[in-house]
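K.L.:
Fold the following for me, if possible:
(one chain, ligands or ions: 1)
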Amino acid sequence: MPTRPVVLVTGANQGIGLQIAREFVAYGHVVLLGSRDLARGQAAAETIGRDAHALQLDVTDGVSIAAAAECVRRDYGRLDILIQNAGISNTRRRPDQAIADYAKTIRPSNVPMAEMRAVWDTNVFGALAVYQAMLPLLRAAPGARIVNVSSGMGSLQSNSDPAYPWRSLFGPVYAASKTALNALTVAMAIELERENIKVNAVSPGPTRTKMNGYTGTETVEEAAREVMRVALFDPDGPTGTFTRWENETIPW
Ligand SMILES: NC(=O)c1ccc[n+]([C@@H]2O[C@H](COP(=O)([O-])OP(=O)(O)OC[C@H]3O[C@@H](n4cnc5c(N)ncnc54)[C@H](OP(=O)(O)O)[C@@H]3O)[C@@H](O)[C@H]2O)c1
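P.N.:
Numbering: from 1, shown residues only. The predicted structure follows:
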């Protein structure tokens with residue numbers, strides 16, 4: 001069993017999650033790269049080095065989650081840091097369809113229920129299911145941390161301001177799934193506040209990844225900064241926060 005901290009990053013075979021995994025290994029931690037496709041997780045882990053290990057983990061699959069938790073228990077006996085990064089924005093947008101055009105097809109009045117369920121299954125129920133499965137392992141670590149990778153697009157207060165630039169994109173699918181993830185973050189932080197396990201939400205900012213067809217303005221290195229800062233809080237650091245780089249509070 002390693003004495004170094006053990007980190008699980010969900011959805012770490014590409015994008016922001018892969019960068020977070022890379023940075024934790026550089027920091028000296030042992031990192032498990034959650035990947036729903038094990039081979040892609042292994043290929044990603046190989047690009048990092050020997051302290052990066054792939055772990056088959058589909059956050060929408062209870063059997064996969066239970067097996068992943070059992071692997072962590074068997075191999076490490078605890079989990080020091082859980083980064084809930086896995087996420088999807090949609091299942092239906094055509095590659096050639098502008099995000100603004102797609103947004104018109106997923107308003108409250110016309111959103112297909114299947115689309116909403118698919119995205120919430122990953123971004124909301126997936127995060128809750130992984131939390132439940134990993135909690136015994138987090139409790140077995142001294143001062144564990146959870147970071148939920150959210151989005152400023154889910155801020156109800158921001159979207160209530162007519163001047164907020166992303167407001168036209170606020171809808172029941174992706175943005176509201178991040179609102180729900182924020183609510184889970186607060187509930188988890190309240191549940192664990194007496195156990196010295198911190199739970200915080202972070203918004204990486206608009207980042208060039210597959211999720212948005214590489215149209216974001218930030219690099220994955222910039223996106224990972226706040227996640228790393230929050231995950232590595234001092235023992236007396238806060239819980240139940242929602243921030244973007246660097247320690248800028250985002251209203252819920
Ligand atoms: N990019 C941005 O501008 C931005 C802004 C704010 C917040 N975020 C958040 O940042 C996080 C990472 O996104 P990203 O931009 O890095 O996107 P990405 O490159 O598309 O990566 C998403 C990751 O999540 C994984 N994933 C999707 N569904 C999964 C499932 N059911 N089980 C396990 N893993 C699953 C993907 O796996 P596959 O490779 O198998 O699809 C992939 O590894 C997401 O939570 C996203 O909402 C991103």
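K.L.:
Ala201 is in what secondary structure piece?
P.N.:
strand 198-202 (DSSP states H and E).
K.L.:
Can you confirm whether that strand lies near the ligand?
P.N.:
No - with CB under 6 Å from any ligand atom as the criterion, the ligand is not reached by strand 198-202; the gap is at least 8.7 Å. Using the backbone N, CA and C atoms, a C-beta is placed for each residue, glycine as well.
K.L.:
Packing partners of that strand?
P.N.:
strand 145-149, helix 174-192, helix 220-231, strand 242-244 (3 or more CB pairs under 8 Å, 6 or more residues apart in numbering; DSSP states H and E).
K.L.:
redo that, cut-off 10 Å
P.N.:
strand 81-84, strand 145-149, helix 174-192, helix 220-231, strand 242-244 (3 or more CB pairs under 10 Å, 6 or more residues apart in numbering; DSSP states H and E).
K.L.:
Packing partners of whatever helix or strand Gly41 lives in?
P.N.:
In this assignment (DSSP H and E), Gly41 forms part of helix 38-46. Applying 3+ CB pairs under 10 Å, 6+ apart, we find helix 38-46 packed against helix 15-26, strand 30-35, strand 52-56.
K.L.:
rewinding a little: go through the helices and strands packed on strand 198-202 and name the closest to the ligand.
P.N.:
Among the helices and strands packed on strand 198-202, the nearest to the ligand by CB to the nearest ligand atom is strand 145-149 (4.4 Å).
K.L.:
now Arg93, what's its secondary structure?
P.N.:
coil (DSSP: H, G, I helix; E, B strand; the rest coil).
K.L.:
Just the buried residues of the helix holding Gly41, please?
P.N.:
Neighbour-count burial for helix 38-46, counted by 16 or more other CB atoms under 10 Å, picks out Gly41, Gln42, Ala44, Ala45.
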